[in-house]
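Chemist: no sequence on this one, just coordinates:
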């Protein structure tokens with residue numbers, strides 16, 4: 001069972017990135033998938049989560065209207081489209097799977113990817 005994030009990088013404020021979370025060893029469609037981020041010196045926070053059915057559950061307030069979560073079960077991948085990026089979005093972004101339901105709590109997830117760095121800076 002493995003989750004692999006990709007798509008991070010360095011982008012200027014106002015720019016966009018699309019993160020991908022690819023699964024191997026299990027069927028991603030059977031799980032709720034959450035995106036989390038952790039900035040230096042801060043706790044890991046839930047950014048967004050998408051249910052098995054594809055309906056999004058939540059976005060943290062700071063990303064509402066800018067980030068969009070989606071899933072492609074046929075390709076075993078979940079995406080996080082990030083637009084209008086701000087310096088405060090700088091963090092390592094992780095995806096994680098839950099066999100139960102979406103929750104912003106870290107403890108609700110079973111498997112985690114290794115993370116991808118997103119840096120927003122001019």
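Modeler: Nice, I can see it. Since we're looking at a predicted model, the values are computed, not measured.

Chemist: please count neighbours and contacts with C-alpha atoms only from this point.
Modeler: OK.

Chemist: direction included, what does the lowest-mean-pLDDT helix or strand in the chain pair up with?
Modeler: Lowest mean confidence among the helices and strands of the chain (mean pLDDT, DSSP states H and E): strand 56-59, at a mean of 84. Partner strands for strand 56-59, per DSSP bridges, with pairing direction: strand 45-50 (antiparallel).

Chemist: what's next to the strand it pairs with, contact-wise?
Modeler: 32-38, 56-60, 63, 69-71, 102-106 (Cα atoms under 8 Å, 6 or more residues apart in numbering).

Chemist: who does the residue positioned nearest the centre of the chain bridge with?
Modeler: Nearest residue to the geometric centre of the chain (Cα atoms, centre = their mean): residue 35, 2.5 Å. Following DSSP bridges, residue 35 is listed with bridge partners residue 48, residue 95.

Chemist: residue 78 now?
Modeler: residue 21, residue 71.

Chemist: so it makes contact with residue 68?
Modeler: No. Counting by Cα atoms under 8 Å, residue 78 does not reach residue 68; the two are 10.7 Å apart.

Chemist: neighbour count for the two, which is higher?
Modeler: With neighbours defined as other Cα atoms under 10 Å, residue 78 and residue 68 compare such that residue 78 has more, 26 against 18.

Chemist: now do the more buried one, the pLDDT please.
Modeler: Note on residue 78: pLDDT of 96.

Chemist: same deal with the one 10 residues further on?
Modeler: Residue 88 carries a pLDDT value of 97.

Chemist: which one is it nearest to, not counting chain neighbours?
Modeler: Nearest non-adjacent residue to residue 88, counting by Cα to Cα, 6 or more residues apart in numbering: residue 120, 7.6 Å away.

Chemist: the one you found pairs with what?
Modeler: Counting by DSSP bridges, residue 120 is bridged to residue 11.

Chemist: what's the distance between it and residue 80?
Modeler: 16 Å (Cα to Cα, to the nearest Å).

Chemist: can you check residue 60 too?
Modeler: 13 Å.

Chemist: I appreciate the help and will end here.
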